[in-house]
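**Q** what's the 3D shape of this:
(one chain, ligands or ions: 1)
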Amino acid sequence: MKVAVVKEGAPGERRVALVPETVQKLSQGGLEVLVEKGAGDSAWFPDDTYTAAGATVTTTDNLYATADVILTVTRPDEAALGRLRSGQAVNRHARAADRPAPGPCPRGTRRHRDLARRAAAHAVAGPGHGRADLAGQRRRVQGGAGGRRGVRPVSFPLLITAAGTARPAKLLVLGTGVAGLQAIGTARRLGAQVSGYDVRPASKGEVESLGATFIDLTSAVSAAGEGGYARELTAEEREAQQAELATHIARHDVIITTAQVPGRRPPLLITADAVAAMAPGSVIVDMGSSPLGGNVAGSVPGEAVVTPNGVTIIGAENLAASVPTAASNAFSRNISALLLNLVSASDPDHRELKIDTTDDIQAGVVVAHGGEVVHPAVAKLLAADSANQGS
Ligand code: NAD
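**A** Predicted coordinates:
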């Protein structure tokens, strides 16, 4: 079976789905690995490191013509979709907005469902472990990038010097899941005074275990959803949350937002009024930032915006791509483990994908197979789409 690694084409994407170290593991598992020329360049894995690991570096045309499975980090673009043929599998990273949730979906997620519709015989969405951890660390470092034009340089630790005392930076993390907790841990190690907030009650103990203060809102509701993730707040709950958070937001130097709800637009946590009430020179890093909208009013994906009152809002859409080597290593381990699991039931001398959606792991990741969308939640969303178009 031939497994191919493509060169990512999305703007700013520097990761690669498979690194040379993992090529060897796949080869040992009986898989032949093809690598598109230059696929690993921007993550600092040159072609010759893949060749040394036993892969064949090849052209785009040959790759799509001969591969059984395509590995990619981002959604294939139109040109790549046009090259896919029946029987080929695509194994990729699924972002929070792609994760299926019950009920209608925001408009922008339609293009991901469109991919499911157009998928060839199999389409497999892989998990994204490691992304949030790395991005959480990177985000905290970015939040502390004082000295940049428009950003008030704040010292993270308390400094007692002959020239006086500098108070530690006050940092608030909104959304304390995987990435938020990583950001809290890193900021604490650097000496900042850290607070955290989340809508899942379980996160309070996790925030406090890292030595940070949990912000309890009087308007708090439990918004624990399915699978450990949060549910979407109702309009009334959201308004109460935004109003109460605003008073806490105004007294912080740095705010990091990570809030996501699977299959939904990222929730708006910081309104334009709350930004306007912050001190000049404050920084907000919005990791919820996406073409669907972000956690912060006025954030622009991939850009740093300075508001009229001097607050810098960084639309940190894809921080994992800014640490491409580490992020590629983590993704590569995950995607190869998933792939080896998908072929494990096949003949060791003739490896092939064995799709079995009664298997718990496969049921969670296989989107389309044999021309049908087999993932129940995605199928439900597509049916709702068709019903809406018909009405
Ligand atoms: P996520 O990226 O979907 O969301 C980040 C955080 O935003 C979550 O903690 C969520 O509760 C919070 N959030 C959502 N709406 C909010 C709102 N209106 N206000 C404030 N916060 C809001 O989630 P995550 O970080 O991947 O993980 C959430 C939970 O799921 C954790 O307990 C984690 O251990 C568990 N989990 C995650 C993974 C994973 O691969 N990321 C895997 C298994 C379990």
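**Q** Can you pull the residues of the stretch 151-300 of the chain lying near the ligand?
**A** By C-beta under 6 Å from any ligand atom, the residues of the stretch 151-300 of the chain that approach the ligand are 174-180, 198-200, 203, 228-230, 233, 258-262, 267, 269. Just so you know, the C-beta spots here come from the backbone N, C-alpha and C atoms, and that holds for glycine as well.
**Q** Just the ones of these in helices?
**A** Mapping those onto helices (DSSP state H) picks out V178, A179, G180, S203.
**Q** Just send those residues back as a markdown table, with pLDDT and neighbour count too.
**A** Formatted as a markdown table, those follow (pLDDT from 0 to 100; neighbours: other C-beta atoms under 10 Å):
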| residue | pLDDT | neighbour count |
| --- | --- | --- |
| V178 | 93 | 17 |
| A179 | 94 | 27 |
| G180 | 97 | 28 |
| S203 | 95 | 20 |
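**Q** For these, which two are the farthest from each other?
**A** For those, with distances taken as C-beta to C-beta, the pair at the greatest spread is A179 and S203 (12.2 Å).
**Q** How is the protein divided into domains?
**A** 2-129+324-390, 132-322 (automatic domain parsing).
**Q** which of the ones in helices among the residues of the stretch 151-300 of the chain next to the ligand lies closest to the ligand?
**A** Ranked by distance to the ligand (C-beta to the nearest ligand atom), these are led by V178 at 3.7 Å.
**Q** I'd like the distance between that closest one and R251.
**A** According to C-beta to C-beta, to the nearest Å, V178 stands 26 Å off from R251.
**Q** In the stretch 51-200 of the chain, where is pLDDT below threshold?
**A** Applying pLDDT under 70 to the stretch 51-200 of the chain flags the ranges 94-153.
**Q** Okay, and A337 sits in which element?
**A** helix 324-343 (DSSP states H and E).
**Q** so, in contact with the ligand or not, that helix?
**A** No. Figure legend: helix 324-343 not in contact with the ligand (C-beta under 6 Å from any ligand atom); closest approach 9.4 Å.
**Q** What helices and strands are in contact with that helix?
**A** helix 20-28, strand 69-72, strand 89-93, strand 122-126, helix 131-143, helix 360-365 (3 or more C-beta pairs under 8 Å, 6 or more residues apart in numbering; DSSP states H and E).
**Q** one step back: are any of the residues of the stretch 151-300 of the chain next to the ligand buried, and which?
**A** Among those, the ones that count as buried by 16 or more other C-beta atoms under 10 Å are 174-180, 198-200, 203, 229-230, 233, 258-262, 267, 269.
**Q** how close does the residue nearest to E206 when sequence neighbours are not counted get to V173?
**A** Distances taken as C-beta to C-beta, 6 or more residues apart in numbering put L181 closest to E206, at 5.9 Å, once the chain neighbours are dropped. Computed as C-beta to C-beta, the L181 to V173 distance reads 8 Å.
**Q** which ones are touching the residue of the stretch 151-300 of the chain found nearest the ligand?
**A** As assessed by C-beta to the nearest ligand atom, the ligand sits closest to G177 within the stretch 151-300 of the chain, at 2.1 Å. Contact analysis of G177 by C-beta atoms under 8 Å, 6 or more residues apart in numbering lists A132, D198, R200, S203, Y229, T258, Q260.
**Q** What of R167?
**A** Applying C-beta under 8 Å, 6+ apart, the residues contacting R167 are S155, L158.
**Q** separation between the closest residue to A67 other than its chain neighbours and the ligand?
**A** Spatial nearest neighbour of A67, excluding adjacent residues (C-beta to C-beta, 6+ apart): A4 at 3.5 Å. The gap separating A4 from the ligand is 25 Å, by C-beta to the nearest ligand atom, to the nearest Å.
**Q** Show me what whichever strand or helix holds A4 pairs with in its sheet, parallel or antiparallel.
**A** In this assignment (DSSP H and E), A4 forms part of strand 2-5. The pairing partners recorded for strand 2-5 under DSSP bridges are strand 32-36 (parallel), strand 69-72 (parallel).
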